[in-house]
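Undergrad: below are the sequence and a predicted model for it; my questions follow.
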Amino acid sequence: MSMEVTAIPDEVKREVFRAIDRFNAKTLAGTGCSFLGRFQGKYLYLDRDEFGQTVPICRLQYRGAGKPWGFSIYKYSSERYDPGETWFPGFELVDGTVEGAMKAGMRAYE
């Protein structure tokens with residue numbers, strides 16, 4: 001019997017924020033842009049702050065310790081997160097990690 005994950009443990013949340021901070025410092029320093037993370041239930045929403053305006057990029061689903069994150073890109077055409085969308089620039093960078101999701105999101109919305 002598998003139990004569905006409904007919440008993300010605090011230690012995982014802390015590691016996610018560390019990963020976002022590292023990515024912003026390494027990849028986006030001096031650009032005026034940065035990734036922001038927010039949690040709701042089993043989801044991590046990754047938004048990008050672009051010169052003071054926050055825009056949605058993607059949503060990750062926590063599936064449990066040691067398991068890859070599920071990925072859904074934000075589609076502006078439907079104003080929804082779409083887990084089935086794979087036809088966008090950067091999809092090949094989705095690798096089940098938070099960093100991979102940020103790389104894919106950057107490529108999708110350059």
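TA: Great, that's in hand.
Undergrad: helices or strands next to the longest helix seen in the chain in the packing?
TA: Looking across the chain with DSSP state H, the single longest helix is helix 10-27. When contacts are defined as 3 or more C-beta pairs under 8 Å, 6 or more residues apart in numbering; DSSP states H and E, helix 10-27 packs onto strand 33-40, helix 98-108. C-beta coordinates here come from the backbone N, C-alpha and C atoms, glycine included.
Undergrad: please tell me how far the last one is from the chain's geometric centre.
TA: For helix 98-108, the separation from the chain centroid amounts to 7 Å (computed by C-alpha atoms, centre = their mean, to the nearest Å).
Undergrad: model confidence over that helix, on average?
TA: On average, the pLDDT along helix 98-108 is 96.
Undergrad: quick one: residues in contact with that helix.
TA: In this structure, residues lying in contact with helix 98-108 by C-beta atoms under 8 Å, 6 or more residues apart in numbering are 16, 19-20, 23, 27, 35, 37, 44, 46, 48, 57-58, 60, 69, 71, 73, 88-94.
Undergrad: repeat for the first one
TA: With C-beta under 8 Å, 6+ apart as the test, strand 33-40 has contacts from 8, 13, 16-17, 20, 23-24, 28, 44-51, 54, 57, 98, 102, 105.
Undergrad: likewise stretch 66-76?
TA: For stretch 66-76, the surrounding residues in contact (C-beta under 8 Å, 6+ apart) are 44, 56-63, 80-83, 85, 88, 91, 94-98, 101, 104-105, 108.
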